[in-house]
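Sequence unavailable; structure follows:
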């Protein structure tokens, strides 16, 4: 990601040759990553794209679009950048794949911005819309979870319980039925947590077996 940001920064500054050279490094970095990622053990889980980090395999844009344009337009920088940033019916699947990669490497804002750009150009494209909608839905969910890390100005304990249920489902991976059963069986404890203004997500994480 560092190399790509640097390459784009050079392009915006008008240093086309230097940017072209930097994009060659971007392609090399993507190839190096693909060759070495199998030897790397990733232990965490990415909530944005709902996948294990070791499932990163979205290099279609680099393998097809970037690689092709680097070969076809070496020295013709104006045409290279014109083609590089195009979203066309021929390369749209590669562009969607790139948005998915952004989402997997914790570039959620960039993933949303890029996938929105795709949808705006091709509003009837089913796969593009599906990914964009799922991405924004997950981001909204994670934003709400972040809000549950603090005790809110609840009108009543029922609103607090609703947040605990939400956190149990989305932080701990439990079904709605199991989450409701938990709060039902822990009414007295939840009352104490409400009075002491414990954040809803803390209650979920501390008192559910798979999270605590």
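Yep, that arrived. Just so you know, these numbers come straight off a predicted model, no measurement behind them.

any idea how far residue 71 is from the residue nearest to the spatial centre of the chain?
To find the centre residue of the chain, average its C-alpha atoms and take the closest one (CA atoms, centre = their mean): that gives residue 103, at 2.8 Å. In this structure, residue 103 lies at 28 Å from residue 71, with CB to CB, to the nearest Å as the measure. No exception for glycine: its C-beta is placed from N, CA and C like everyone else's.

so where's this protein uncertain?
Low-confidence regions of the chain, defined by pLDDT under 70, span residues 37-56, 106, 207-212.

At which residues are the strands of it located?
45-46, 51-52 (DSSP state E).

my guess is residue 161 meets residue 183, correct?
Yes. With contact defined as CB atoms under 8 Å, residue 161 and residue 183 form a contacting pair (5.3 Å).

Touching both of the two, which residues are there?
Here residue 161 and residue 183 share the contacting residues residue 190, scored by CB atoms under 8 Å, 6 or more residues apart in numbering.

Looking at those two, which is more packed in?
More crowded of residue 161 and residue 183, by other CB atoms under 10 Å: residue 161, with 22 against 19.

Return the residues in contact with the more buried one.
If you count contacts by CB under 8 Å, 6+ apart, then residue 161 has 183, 190 around it.

next one: residue 26
Residue 26 makes contacts with 3-4, 7, 62, 66, as judged by CB under 8 Å, 6+ apart.
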